[in-house]
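Trainee: sequence and predicted structure are below.
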Amino acid sequence: MRSNRPSSDAERRYAFGFWLVLAGLTAVRLTVAAQVGLSADEAHYLMYARRLAWGYVDHPPAIAFLIRATTFAGESPFFVRLGGILCSALSFVLFRRLALLFFGRARLAFWGLVLVHLMPYTHALSISAVPDAPLNMFWCGALLSFALAVRRGAWRWWFLTGLCFGGALLSKYHAALLPVCFLGYMGCSRAARVWLRRPQPYVAAALGLLVFLPNVLWNAAHGWVSYAFQLSHGGGSGQFDVWKVLNVLGGQLLAASPLVPILFACALITVARGRPVREAHGYLLWCCLPVFAFFGIIGLVGKILPHWPFVGWWSGSLFLAHVCVTQTERAHRARTRWRGACLAGSILGLAMSVFMYVAVAWPVLEPLHNGARRLSLRLHRVWPGLRPLPAFDPKYDLSNDLYGWDQAAACVNRALADMPDQARTFVFCHRFYSTSQLNVFLWPGTQVTSLRKGMSQYRLWFDAQTHQGWDALFVDEGHVTRGVARYQALFERIDPVPAPVRISRRGRPARDLRIYRCYGFRGRYEN
């Protein structure tokens, strides 16, 4: 194993550059975190933190404990996100240690850091209070501690591997893929195979499951609701659909920027041609390819979100960074092509990442859409067969969801004050995420829920039968197929004329809501 200390002035500069870039990125994230409202997911996880438990319908509890730990001084977006940003910074510290362990070069750690941040979704995950924040930290800790355990054999590294595995499981169920990655590596590596005949890996796995046990017990007490939800979540129809495949590919190309996955495929081909495969490459690939393969297969028949396989990029990006640096350093004909591809990928990834920050801070999509629409109208006049773009709808701009919920909650609070019996009036939305975004700003003690059919966390927090006879306010955000008529059977009477609410963002319309007054709740959910 090579020395972990930089051995030259260039290496020291790369080491200094790593810490400088990481500190700068963390400072930017802390600044942005204080300026931008909570996303739907973050608001929902804040509701978790208000009601701590060892499990929730859609996730394990780590994100709830993390947010609870950082919101002791208040529930502003800065404090809600503080834990996630610190987890992200620590993840990159562990990432650097992994790079030095395998390659002994600060240059690799620096370019690995840069490569990860050329993926737009890295910025979204690193600034958000989402389960991926603790998952990434524990995942990187497990990658590092397992590599040290296999190399050095000391029990402390095996124990640390088990603790990180358990912490990752308590963060997100994706962590169940970690043993698959580690077993695959041990089975294929001649140097690591000996550990399959020793007790240490199995003790580490048992320790991880012991850490995870409280979540198992919580699920057992709640009808295994979380595991059932995850097994059905993204399952889709179970049939192959080419549009699902294109959706998965498109999501990954946008999340990781188009050229990074292409460069990764080229790196795989390059390494495969240059057999034998290095031990470090084998380890890094075994820690990412099973993740990509698992979610790729799921995406063939169901729905996956772009960030689900992203945890595999911790080792995948380090592998790609090493291949890119090696290929651009060597004196061969392909060096120019590799340099050109790396430069193009860097420019594209940087542009996409910067645009993401700009779009979150300012409503830029509407002017861009309007410009494209004017062009389409001109083309339509020349070629009538070309259909012009429709007029801009604020729902096209997903960043609008980060703004205006305090304004909406203020309107709901005023409507609550006007109800005949405010103490026996609850608030509900169609989507439970919107319910949580409102609940962040509603008066303390306000009962909130979602009455749509299908399981959500509010089914555990809100007992419909005990609220029979209550009145309610339905906040319609335009996501209900039949509008308020969908919930007509759940109440004795609903006022047909809603109170309209227009939410603005920097002077532009961002969201239109309607508040319906509902009377005489029948004590049941939608059938």
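Mentor: Structure's in. What do you need?
Trainee: is the residue lying closest to Gly312 once chain neighbours are set aside in a helix, a strand, or coil?
Mentor: Closest residue to Gly312 apart from its sequence neighbours, by C-beta to C-beta, 6 or more residues apart in numbering: Val291 at 3.3 Å. Just so you know, the C-beta spots here come from the backbone N, C-alpha and C atoms, and that holds for glycine as well. Taking DSSP: H, G, I helix; E, B strand; the rest coil as the rule, one finds Val291 in the helix state.
Trainee: so what's Val291 up against?
Mentor: Residues in contact with Val291 (C-beta atoms under 8 Å, 6 or more residues apart in numbering) are His174, Leu177, Cys181, Pro309, Val311, Gly312.
Trainee: gap between it and His430?
Mentor: Distance from Val291 to His430, counting by C-beta to C-beta, to the nearest Å: 33 Å.
Trainee: what of Arg486?
Mentor: In this view, Arg486 and His430 are 8 Å apart by C-beta to C-beta.
Trainee: so between these two, which is more surrounded?
Mentor: The neighbour comparison of Arg486 against His430 (other C-beta atoms under 10 Å) goes to His430, with 23 against 17.
Trainee: and the more buried one, what's its pLDDT?
Mentor: His430 carries a pLDDT value of 91.
Trainee: if I pick the closest residue to Ala206 other than its chain neighbours, what's in contact with it?
Mentor: Leaving aside its sequence neighbours, Ala206 sits nearest to Gly162 (C-beta to C-beta, 6+ apart; 7.2 Å). For Gly162, the contact set (C-beta under 8 Å, 6+ apart) comprises Val203, Ala204, Ala205, Ala206, Leu207, Gly208, Val211.
Trainee: please check these and keep the buried ones.
Mentor: Ala204, Ala205, Leu207, Gly208, Val211 (16 or more other C-beta atoms under 10 Å).
Trainee: about what we covered before: among the contacts of Gly162, which lie within helices?
Mentor: The helices, defined by DSSP state H, take in Val203, Ala204, Ala205, Ala206, Leu207, Gly208, Val211 from the contacts of Gly162.
Trainee: including distance to Leu305, could those go into JSON lines?
Mentor: Below are the ones in helices among the contacts of Gly162 laid out as JSON lines (distance: C-beta to C-beta, whole Å):
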{"residue": "Val203", "distance to Leu305": "34"}
{"residue": "Ala204", "distance to Leu305": "30"}
{"residue": "Ala205", "distance to Leu305": "28"}
{"residue": "Ala206", "distance to Leu305": "31"}
{"residue": "Leu207", "distance to Leu305": "30"}
{"residue": "Gly208", "distance to Leu305": "25"}
{"residue": "Val211", "distance to Leu305": "26"}
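Trainee: and those residues, which is closest to Gly250?
Mentor: Using C-beta to C-beta, Gly208 comes nearest to Gly250 of the ones in helices among the contacts of Gly162, at 34.7 Å.
Trainee: low-confidence ranges in this structure?
Mentor: Where the chain drops to pLDDT under 70, the residues are 1-7, 233-244, 275, 331, 480-481.
Trainee: that older thread, farthest-apart pair in the contacts of Val291, please.
Mentor: Among those, Cys181 and Pro309 lie farthest apart (C-beta to C-beta), at 12.7 Å.
Trainee: between the two, which has more neighbouring residues?
Mentor: Comparing Cys181 with Pro309 by other C-beta under 10 Å, the one with more neighbours is Pro309, at 26 against 23.
Trainee: correct me if wrong: that one contacts Leu289.
Mentor: No - Pro309 lies out of contact with Leu289 (C-beta atoms under 8 Å); the separation is 10.5 Å.
Trainee: look up how far Phe65 lies from the residue nearest to Trp461 when sequence neighbours are not counted.
Mentor: Spatially, and ignoring its direct neighbours in sequence, Trp461 is nearest to Arg51 (6.7 Å; C-beta to C-beta, 6+ apart). As defined by C-beta to C-beta, Arg51 lies at a distance of 12 Å from Phe65.
Trainee: more neighbours, the two?
Mentor: Taking other C-beta under 10 Å, Arg51 and Phe65 do not tie; Phe65 has more neighbours (18 against 12).
Trainee: quick check: next helix or strand after the helix or strand hosting the more buried one?
Mentor: In the assignment (DSSP states H and E), Phe65 maps to helix 62-70. As assigned by DSSP H and E, the chain's next helix or strand after helix 62-70 is helix 77-103.
Trainee: buried ones in the next helix or strand after that following helix?
Mentor: Downstream of helix 77-103, the next assigned helix or strand under DSSP H and E is helix 106-116. Residues Ala106, Arg107, Leu108, Ala109, Phe110, Trp111, Gly112, Leu113, Val114, Leu115, Val116 are the ones in helix 106-116 that count as buried (16+ other C-beta under 10 Å).
Trainee: what residues sit buried inside stretch 449-457?
Mentor: Across stretch 449-457, burial judged by 16+ other C-beta under 10 Å covers Thr449, Ser450, Leu451, Arg452, Met455, Ser456, Gln457.
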